[in-house]
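*Asks:* Below are the sequence and a predicted model; questions follow.
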Amino acid sequence: MKTYRLAIIPGDGIGPEVVAQGLKVLDAAGRKFAFTTRRENFDFGGARYLKKAQVLSDEEMNALRAFDAIYLGAVGHPDVKPGILERGVLLKLRFGLDQYINLRPVRLYQNVATPIKNKGPEHIDYVVVRENSGDVYTGEGEIRNQGTGQEVATQIMVYSHAQVERCLKYAFEYVMKRHADKPWKGLSEEDRKAGFIGKLTLCGKSNVLTNVFGLWDRVMNDMAQQYPKVKLDYAHVDAMCIFLIEAPERFDVIVTTNMFGDIITDLAAVTQGGMGVAPSGNINPNGVSMFEPVHGSAPQFTGKGVANPLAAILTVKLMLEHLKEEKAAQAIDAAVQSVMLKMKSMLIGQMGYSTDQIGDMVAGVLK
Ligand code: IPM
Ligand code: MG
């Protein structure tokens, strides 16, 4: 029997509650598909910071490299000044462990309400490959004349050729893998005849940020030679905000920079039914990856049993895909779908069931 070593970071707010449901489902999947996990808990986050003034040390971060994967609930605390936990814990993990891809599948399931009129599951099914190591997130920049009327603050959008190349390589490979068995249904007859099996859309701002997107564009076009089955596409990020509402069926795989990816995936999450159902993975293809729901710690709802654990449960599905437990991942997906059919809403406090009950229901289907 296969055993996976997992580092668990339940974190703050609703994090521990939803992680408990994710682990319940993970255990049910393990029993059914013959694998086990050995888990170690880590208390990184706001609560520990308030008690001990510690964020995350290099030693603690390095200890995580020994695991097969990391599962994280949410990090964020209302009593901690913005930026401390984000930079000191979450981004330190993503950057320090070189998780250079943030994978965010966007899919509207049956019986899940979307605020977009006249769109259903057949229209919303794409994946955002968000670059996760560069951009304004690196903190490069300065503050001059702080606190004076002459203050100038800069935070620079930085991308190296190497960063762009490894991200695009992942995105192209992802399109190939996603459509290895069957071509993307959004392709035109003509595209299909031309041999395309999927589409990769670069989301940028090449009309203004000419340096950065000039680089992305060149690397993408060069790399496309090696992927003749991938149809290339481009959208400016502002226009993307229109398309994701008006015509989400236009997209298969979207690749974008860190900041734009952060923004468009919140928009995308709303179209797929809200933060209660949006999973993500911070991937280092050559190291340890970390899986976390897109939502935050929602401190005002802590301990009330009203949070939707499906984002955390679908995050377990992503983690299992990453661990190559494909069958277990598919079974969790099917179980989630069947439970969604019984729920009143995906929104916090309106589900018709408690956090715990939903975890039980999903795990129950896997029996
Ligand atoms: C996300 C979050 C983080 C980000 C914050 C909490 C640092 O918004 O995971 O999307 O900006 O990446
Ligand atoms: Mg975000």
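*Replies:* Everything's here; your move. Bear in mind that the values here come from a model prediction, so they are computed numbers and not experimental data. Ligands and ions are numbered 1, 2, ... in the order given.
*Asks:* Kindly report the residues of the stretch 101-250 of the chain close to ligand 1.
*Replies:* Residues of the stretch 101-250 of the chain that fall close to ligand 1, judged by C-beta under 6 Å from any ligand atom: none. All C-beta atoms are positioned from the backbone trio N, CA, C, and that covers glycine.
*Asks:* Mind jotting down where the helices sit in the stretch 101-250 of the chain?
*Replies:* 161-178, 189-193, 210-224, 237-246 (DSSP state H, counting those that start in this stretch).
*Asks:* I'd like a version of these in JSON lines, one that adds mean pLDDT as further columns.
*Replies:* Shown next, in JSON lines, are those (pLDDT from 0 to 100):
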{"stretch": "helix 161-178", "mean pLDDT": "98"}
{"stretch": "helix 189-193", "mean pLDDT": "97"}
{"stretch": "helix 210-224", "mean pLDDT": "98"}
{"stretch": "helix 237-246", "mean pLDDT": "98"}
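*Asks:* For residue 267, which of these is the nearest?
*Replies:* helix 237-246 (5.7 Å; C-beta to C-beta).
*Asks:* Of all the residues in that closest one, which ones are buried?
*Replies:* 237, 240, 241, 243, 244, 245 (16 or more other C-beta atoms under 10 Å).
*Asks:* Over to stretch 49-64?
*Replies:* So, applying 16+ other C-beta under 10 Å, buried residues of stretch 49-64: 49, 55, 56, 60, 61, 64.
*Asks:* Is the first one inside a helix or a strand, and which specific one?
*Replies:* Applying DSSP states H and E as the criterion places residue 49 in helix 46-52.
*Asks:* Show the average pLDDT along that helix.
*Replies:* If you average the pLDDT over helix 46-52, you get 96.
*Asks:* So what sits opposite the spatially most central residue of the chain in the bridge?
*Replies:* With distances taken as C-alpha atoms, centre = their mean, residue 280 lies nearest the centre of the chain, 2.2 Å away. Beta bridges link residue 280 to residue 292, judged by DSSP bridges.
*Asks:* How much space separates it from residue 232?
*Replies:* Noted for residue 280: a distance of 25 Å to residue 232, by C-beta to C-beta, to the nearest Å.
*Asks:* just residue 56 next, same as before
*Replies:* Taking C-beta to C-beta, one finds residue 56 at 39 Å from residue 232.
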